[in-house]
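Engineer: coords below, sequence missing:
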């Protein structure tokens, strides 16, 4: 897939990989973005928080974590980073854990995507993950909304300018 390539800009702005998410212009609510910095200043991940609830909490968080990101290292039953961020943003401090996973094939254009559905002890959270060809893990966590296969068609790389500080 052409959008799953590594960004090789001479002077990287923000993350050194393409961030796959929904274009903020296509989303009717508020959008927030966060970078996970490493001690050396490199980017260890990007997550985008989409808010449809008018400031009452996010509807969805999409994370992009490159290979080697410490946020990808999970213990047994531990929820993905994006689920923890979603719960934190919703001020929900319940103890949530992973109860299982299921791999599902999804066609995206002419490409086959293997999507891992993460089952959680909190049924109001939907969570899916897939690995990109550049070893970036994309995780989508949604509150009180199921994640349908149509969502994958809306994902596209976002411009690096979105993540520049200044």
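Structural biologist: All right, it came through fine. Everything quoted here is computed from the prediction, not taken from an experiment. Numbers count the residues shown, from 1 in each chain.

Engineer: Pull up the per-residue confidence for residue 2.
Structural biologist: Note on residue 2: pLDDT of 35.

Engineer: what does residue 23 give?
Structural biologist: At residue 23, pLDDT is 84.

Engineer: Not counting its neighbours along the chain, what's nearest it?
Structural biologist: residue 156 (6.2 Å; Cβ to Cβ, 6 or more residues apart in numbering). From N, CA and C alone the C-beta is placed, and that goes for glycine too.

Engineer: Could you tell me the average pLDDT over the helix or strand harbouring that neighbour, please?
Structural biologist: Using DSSP states H and E, residue 156 maps to strand 155-158. For strand 155-158, the mean pLDDT works out to 88.

Engineer: List the buried residues of that strand.
Structural biologist: 155, 157-158 (16 or more other Cβ atoms under 10 Å).

Engineer: same check, this time on stretch 124-135
Structural biologist: 125-130, 132.

Engineer: Run the chain-centre distance for the strand holding residue 156.
Structural biologist: Per Cα atoms, centre = their mean, to the nearest Å, the displacement of strand 155-158 from the mean C-alpha position of its chain is 11 Å.

Engineer: what about the longest helix in this protein?
Structural biologist: In the chain, taking DSSP state H as the definition, the longest helix is helix 81-89.

Engineer: That one - contacts with which helices or strands?
Structural biologist: Packing partners of helix 81-89 (3 or more Cβ pairs under 8 Å, 6 or more residues apart in numbering; DSSP states H and E): strand 43-51, strand 60-65, strand 125-131, strand 137-143.

Engineer: Please give the element, helix or strand, for residue 112.
Structural biologist: strand 111-120.

Engineer: Now do that strand against helix 81-89: the angle between them, please.
Structural biologist: Angle of strand 111-120 versus helix 81-89, following axes from the mean of the first three to the mean of the last three Cα atoms, to 10 degrees, is 50 degrees.

Engineer: average model confidence for strand 111-120?
Structural biologist: 92.

Engineer: With stretch 67-83 instead?
Structural biologist: 91.

Engineer: That one: end-to-end distance?
Structural biologist: End-to-end span of stretch 67-83 (Cα to Cα, to the nearest Å): 19 Å.

Engineer: and if you look at stretch 99-118?
Structural biologist: 8 Å.

Engineer: for stretch 133-148, same thing?
Structural biologist: 22 Å.

Engineer: again with stretch 62-71
Structural biologist: End-to-end for stretch 62-71, by Cα to Cα: 14 Å.

Engineer: oh, and call the first residue 24 from now on, that's how I've got it
Structural biologist: Will do, 24 is the new start, and the previous item becomes stretch 85-94.
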